[in-house]
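Trainee: Structure, please.
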Amino acid sequence: MVQPDELKRLIREVPDFPKPGILFYDITTLLKDARGFQQAVEALASQLDADAFDLLAGIEARGFIFAGALAYRFGKGLVPVRKPGKLPAATVREEYALEYGTDAVEIHQDAIQPGTRVVIVDDVLATGGTARAAARLIERAGGKVAGIVFLIELDFLRGRENLAGYPVHSILHYSA
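Mentor: The predicted structure is shown next:
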């Protein structure tokens, strides 16, 4: 059984990154620890029922890491959710609000067939804006969001509220 405190010890906390006042949770220290990485993937996998989804969608960039590992573990396909201009074929785009301005994510137009059940994967749930945009993309393509999983949830930012109506699972919780 994965112990959340063990995983938290492997995550480096970097103050004032990317700007003053922000505490950044750096997962690269967890990723380089083979046992920690395996435990993180298994903890995420324990939140999923292989029969309840068809594809995984990994959000750029760190979500790719966990989505790829989960896709391999479950024998499922993987759809990358990318920043604009990164995918070579025709795309569907969804914009979302940031604290100052907007951003967007894209998937290939043919990435998800109608009725496909998709689990969205990312490393951190902060405000939920990126995951919400990814969910909208999947739904616009005719897919169904079967769940959204995160390694880390920053509870104090209340991102889960932005994902109301979707099954959301997080392994590690930080309250401040």
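
Trainee: Which neighbouring residues are in contact with the residue lying closest to Gly68 once chain neighbours are set aside, exactly?
Mentor: Leaving out its chain neighbours, the residue that sits closest to Gly68 by C-beta to C-beta, 6 or more residues apart in numbering is Leu78, at 6.0 Å. Any C-beta I mention is one placed from the backbone N, CA and C, and that applies to glycine too. Residues counted as contacts of Leu78 (C-beta atoms under 8 Å, 6 or more residues apart in numbering) are 55-58, 67-68, 71.

Trainee: mind checking which helix or strand the residue nearest the centre of the chain is in?
Mentor: What sits nearest the mean C-alpha location of the chain, by C-alpha atoms, centre = their mean, is Asp122, with 1.4 Å. In this structure, Asp122 is located in strand 117-125 according to DSSP states H and E.

Trainee: Point out the other helices and strands that that strand packs with.
Mentor: strand 55-59, helix 62-74, helix 129-140, strand 144-154 (3 or more C-beta pairs under 8 Å, 6 or more residues apart in numbering; DSSP states H and E).

Trainee: residues of the longest one that come out buried?
Mentor: So the one you mean is helix 62-74. 62-71, 74 (16 or more other C-beta atoms under 10 Å).

Trainee: Next, format the helices and strands packed on strand 117-125 as a markdown table and append distance to Asp103.
Mentor: Formatted as a markdown table, these follow (distance: least, C-beta to C-beta, whole Å):
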| stretch | distance to Asp103 |
| --- | --- |
| strand 55-59 | 12 |
| helix 62-74 | 15 |
| helix 129-140 | 8 |
| strand 144-154 | 18 |
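
Trainee: and the angle for the strand holding Asp122 with helix 129-140?
Mentor: Interaxial angle of strand 117-125 relative to helix 129-140 (axes from the mean of the first three to the mean of the last three C-alpha atoms, to 10 degrees): 170 degrees.

Trainee: could you redo the helices and strands packed on strand 117-125 as CSV and give each row distance to Glu13 and mean pLDDT?
Mentor: What follows is these, written out as CSV (distance: least, C-beta to C-beta, whole Å; pLDDT from 0 to 100):
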stretch, distance to Glu13, mean pLDDT
strand 55-59, 22, 98
helix 62-74, 16, 98
helix 129-140, 21, 97
strand 144-154, 11, 98
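
Trainee: Of all these, which one comes closest to Glu6?
Mentor: Ranking the helices and strands packed on strand 117-125 by proximity to Glu6 (C-beta to C-beta) places strand 144-154 first, at 13.1 Å.

Trainee: Starting from the closest one, tell me which strands it pairs with and how they run.
Mentor: strand 117-125 (parallel), strand 168-174 (parallel) (DSSP bridges).

Trainee: Let me see the contact set for Leu44.
Mentor: Contacts of Leu44 (C-beta under 8 Å, 6+ apart): 66, 70, 121, 149, 151, 169, 171.

Trainee: Many thanks, we can stop here.
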